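Visitor: For reference, the sequence and a predicted model appear below.
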Amino acid sequence: MNSAGGSFQQSLLSLRQGRKQIMIRSRRDQEQSLLIPSSIEKWCLKNLATQKNMQIIGPVTFLATNDRKVQSSHLFELDAILQHGQRDKPDAAIRRDRSTQESPAPLPTVVVNEGDTNNSLNHSLKQLSGDLVRPYNAEGSTAMLPTQELQPFQVARSTANEESPRSSVSQNSKGSGLGIHPSPRESLLQDDSTMRPSSKVFSKHSSLLADGGSTPTFPNRRSPSASSPPANDQDTWPPRERNLSSLTWMPDDPRRQSLADRRISSAWSATSGSASLMARPRILSHSSVGILGEKAYMYNELVDVFEFRLVRLFPAKMSGVRCEIIHADLINPPEYIALSYAWGDATETKLIQIGKTTIPITASLHGALAALRHKTQEVLVWADALSIDQHNRDERTQQVKLMTEIYSMAARVAVWLGSERGDSDIAFDFLSKIYTASTQESTEMTRLIEASAKTRQLLAVVALFERDYWQRLWVVQEVLNAKEIFVYCGTTCLDWRVYTTVSEAFTRHRSDIDRYYPGGLYDESGKLWQSANQFSYSQVLIHQGPGSFSNLKPILNLGDISLLQVLRLCRKKSAFDPRDKVFGILGVLPENIRDNFRVDYSLSAKEAYTDVVDYLLSTTERVDIICEAIYFPLCSSSMKLPTWVPDWSHVPQTTGLGLSYGFSAGEDTKVEFKFQDEQRTKLQLAAVPLSKIACHGVAVGTLCATADYLMAFLHWRALLLGANDITGVKDALNDLSFQQAFCTTLCLDQVPPQWRDNWREIVYHLFSYLLSTRLPYLPLDRQLISYTAAPLGISSQECRTLLHKHIGVRMMGRCFCLTSDGSLGMGTGFMAPGDEIVVPLGCRTPILLRREGGNGEYRLVGDVYIHGYMRGLAIQQWRAGERKLKKYVIH
């Protein structure tokens, strides 16, 4: 808190209707509790105790706090005049008021002079508790209201010797008077630019307006045409940033209507606390105002929760970028472009001029602004690095909540891929050809893909689709919420539809891409040109670039499970702040989901990630979310998450089995869970125990070549054939049904329909053929040799592709295992002998648990495929009484 005088500047005085409690609230009253600095509390207790004529019924409650940071608190209760002869507990009284309070009525505004704090407040208390109150009506005359009709009051402050222009508040020559006038509810939909105070008042008191205060409403509102500031304010208004709020509200746009409804809802919800306050919702800013650049460009605070900043780009008269920062109202904004870009290397900067201040920004942002400039006209742009005070945690939290609206209200979204480099010009030329060919016969697409091998055109597109922009998490909601999108790269600009159409064309012709570019592109010198991330060309062209957005649309309307699906699909996208892995995807989700999560940067990543698990367990009644906690390959984290909470900042190359392959080990059961502690670090689950891990084979890594799969196959098969004592199979080499189960396990039971009847022969042929051709001196047993040249109609060129597509991607990050009861399985490479296999209620797959510590608790190891149990057999046995249900505590 500030000193006594400073604290009073940011206090709110209100009179409750009904119980008529008088309350003083400080700026840090986020939760509607009664917070006042201790210095003000002492003054209030002293003065209220002596006001015997106040006629206050019931207790007056204060929660006193220490200065600046709440270190300790205690309750003070004062009985002014107890006409009822009894005392209620303060919190109970407050709850009763909340439960019985109906829709608040319009609020009057009280202006208290900070130059005479005690007298002004004392006078206001007397007047509010008297028999009559004289508010000013629109004509400036007074009206008489009986005491029982008193409404809650909102307080704005003024300073002695300062005027609020166009205000109807009465003031005496010393500025110490008190005036009251109505504040109609309709003013929530009006724009503040019609009642702008002088620049001196605005700049000096912006913290009050941002921290829960309210701008006084002026009865004689000016017409929209009279929007310019007073003549005597031209030199000082605005102090640094210009307010571009429009003066009319257009209800025809459903986006504007929705924002207006949210503004009203926010304002009314703000009145539901113990001290009713009706005002336009304000930003509660507890962080200091940020500084941009080395030369200290100072931001002006955002007053309204729907106010945001825009960058006005001046015409390109010179090579340098010149601009200014202005304020606008998101409900009725001017036409602007929302920029979607990757920040790039923070150490690589260039200078721009904001007003008269020169500041450095990242080279990526500088290039984007330069590309968006017009030669003769000004352009308004929203760019997060400039439009949001990145040093103000509270403002950043508030503006992130508006990201969906900011991009959906923009006239268009500009995607900035970066400057032209490498073969980007070749890529754009090839994109245009593919876009044209996509509307023609498929043979033309095949011809272009084949011909591009000589010119490296496809490689250029692969490089373009692997740029940093496509890896950024925030761009997902920026793109999906846009009305219209144009993609900029250097001086080239293409419509977004060109990119999406080309991506869809590549999807249809994946077989052609894999045929001509199985592992990359060999140039004339024999050099292999691969993708930067070691992915195949088809993987990049289909699943990265614009293709990384296409898979999201079908899952956004699946109900509460959409949250988990979006988190899974966006997991590989990057975010600097680990909390943004959750906050950054909320904007694409339905409103009924995102309203349950606080975009609050005071939360830790651990709290944000735990909230996701808590929400999904409660709403979906499924426990599949914990299977996204991937622990192989091992990664280090400083967040100290419970083992059942997925670390979304970690980017594994595998995902949970259940949602990926449609398993139903838990059938239609619902999760039975309980948090064992208030911090939600221990989770109790009900599960059906199956068995334990007896032994396992070598684990396959996540950055694999064909040789990794071949070596793992040989080890796993040898383990299988030599484990007679575990499996109970005496002649495993000749037990074809047993080996069929092994081959089915290798692909996680995802056998292509056309090969369902001879899958064992297909699998053995693929491995034996590749082993004999790649490692000809490696001896194979007679059974594998017999499958080397089996006439199965598969060409030698297709063997590697089929192995990777149907088996290799499922072996990645996993290892083969045998259970103590002889079952075959394949699960996380993190498993160890002795791990317990259980099927939790409400889970699509079995999971592995490892006992840790001496208190009977477990850690989650990961999910696992157990052959024969992926379609509900364990649950059926439990229901038949053949298995028991057990509760496990997982930390």
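Guide: Everything's here; your move.

Visitor: From here on, just use CA atoms for contacts and neighbour counts.
Guide: Fine.

Visitor: show me what contacts residue 726?
Guide: Residue 726 makes contact with 694, 818-822, according to CA atoms under 8 Å, 6 or more residues apart in numbering.

Visitor: For PyMOL, write the selection for the buried entries among the residues you listed.
Guide: Restricted to buried positions by 16 or more other CA atoms under 10 Å, the PyMOL selection for those reads:
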select buried, resi 694+818+819+820+822
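
Visitor: got the CA positions of stretch 708-721 in PDB?
Guide: Output of stretch 708-721 as PDB, limited to C-alpha atoms (Å, rounded to 0.1, in the frame of the first residue of the first chain):
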ATOM      1  CA  ASP A 708      16.900 -48.800 -34.900                       C
ATOM      2  CA  TYR A 709      13.700 -50.700 -35.700                       C
ATOM      3  CA  LEU A 710      15.600 -53.600 -37.200                       C
ATOM      4  CA  MET A 711      17.900 -54.100 -34.100                       C
ATOM      5  CA  ALA A 712      14.900 -53.700 -31.700                       C
ATOM      6  CA  PHE A 713      12.900 -56.300 -33.700                       C
ATOM      7  CA  LEU A 714      15.700 -58.900 -33.400                       C
ATOM      8  CA  HIS A 715      16.100 -58.300 -29.600                       C
ATOM      9  CA  TRP A 716      12.400 -58.400 -28.900                       C
ATOM     10  CA  ARG A 717      11.900 -61.600 -31.000                       C
ATOM     11  CA  ALA A 718      14.800 -63.300 -29.300                       C
ATOM     12  CA  LEU A 719      13.300 -62.300 -25.900                       C
ATOM     13  CA  LEU A 720      10.000 -63.700 -26.900                       C
ATOM     14  CA  LEU A 721      11.300 -67.100 -28.100                       C
END
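
Visitor: residues in contact with that stretch?
Guide: 697-701, 732-733, 767, 770-771, 808, 811, 816, 818.

Visitor: List only those of these flagged as buried.
Guide: Counted by 16+ other CA under 10 Å, the contacts of stretch 708-721 give 697-701, 732, 767, 770-771, 808, 811, 816, 818 as buried.

Visitor: Name the nearest of these relative to residue 690.
Guide: residue 818 (12.6 Å; CA to CA).

Visitor: Does that closest one belong to a helix, a strand or coil?
Guide: strand (DSSP: H, G, I helix; E, B strand; the rest coil).

Visitor: separation between it and residue 722?
Guide: The gap separating residue 818 from residue 722 is 11 Å, by CA to CA, to the nearest Å.

Visitor: before we move on, back to that, quickly check the buried ones among the contacts of stretch 708-721 for the two that are furthest apart.
Guide: 701 and 732 (27.5 Å).

Visitor: Helix, strand, or coil at residue 877?
Guide: Going by three-state DSSP: residue 877 is helix.

Visitor: That should have said residue 765, apologies.
Guide: Residue 765 is classified as helix under three-state DSSP.

Visitor: Could you report the pLDDT at the residue nearest to it when sequence neighbours are not counted?
Guide: Using CA to CA, 6 or more residues apart in numbering and skipping residues adjacent in sequence, the residue nearest residue 765 is residue 787, 4.9 Å away. Note on residue 787: pLDDT of 92.

Visitor: after the helix or strand where residue 787 lies, next one along is what?
Guide: Using DSSP states H and E, residue 787 maps to helix 782-788. For helix 782-788, the following helix or strand on the C-terminal side (DSSP H and E) is helix 796-803.

Visitor: same question for that next one, mean pLDDT?
Guide: pLDDT averaged over helix 796-803 gives 84.

Visitor: Restrict it to CA atoms and write it as CSV.
Guide: Output of helix 796-803 as CSV, limited to C-alpha atoms (Å, rounded to 0.1, in the frame of the first residue of the first chain):
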residue,chain,number,x,y,z
SER,A,796,11.5,-53.6,-52.6
GLN,A,797,11.0,-49.8,-52.7
GLU,A,798,7.8,-50.1,-50.6
CYS,A,799,9.3,-52.2,-47.8
ARG,A,800,11.0,-49.3,-45.9
THR,A,801,7.9,-47.1,-46.3
LEU,A,802,5.5,-49.7,-45.0
LEU,A,803,7.8,-50.5,-42.1
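
Visitor: list the buried ones in that helix?
Guide: 799-801, 803.

Visitor: Looking at these, which is nearest residue 791?
Guide: The closest of the buried residues of helix 796-803, once distances to residue 791 are taken by CA to CA, is residue 799, at 12.9 Å.

Visitor: Now the closest one: closest residue in space that isn't a chain neighbour?
Guide: Nearest non-adjacent residue to residue 799 (CA to CA, 6+ apart): residue 766, at 5.7 Å.

Visitor: and residue 641, helix, strand or coil?
Guide: coil.

Visitor: ok, it touching residue 606?
Guide: Yes. Using CA atoms under 8 Å, residue 641 makes contact with residue 606 at a distance of 6.1 Å.

Visitor: Which of the buried ones among the contacts of stretch 708-721 scores worst on pLDDT?
Guide: Lowest pLDDT among the buried ones among the contacts of stretch 708-721: residue 732, 86.

Visitor: which residue sits closest to it, ignoring its sequence neighbours?
Guide: residue 721 (5.5 Å).

Visitor: Show me what the helix or strand residue 538 falls within is packed up against.
Guide: When elements are assigned from DSSP H and E, residue 538 belongs to helix 537-543. Under the contact criterion of 3 or more CA pairs under 8 Å, 6 or more residues apart in numbering; DSSP states H and E, helix 537-543 touches helix 457-465, helix 496-508, helix 510-516.

Visitor: Which helix or strand lies directly C-terminal to it?
Guide: helix 547-550.

Visitor: Please list the residues outside that next one that contact it.
Guide: Against helix 547-550 from outside (CA under 8 Å, 6+ apart): 470, 476, 480, 500, 503-504, 541-542.

Visitor: Could you identify the helix or strand that succeeds it?
Guide: By DSSP H and E, the next helix or strand past helix 547-550 is helix 561-569.

Visitor: Can you give me the buried ones in that following helix?
Guide: 561-568.
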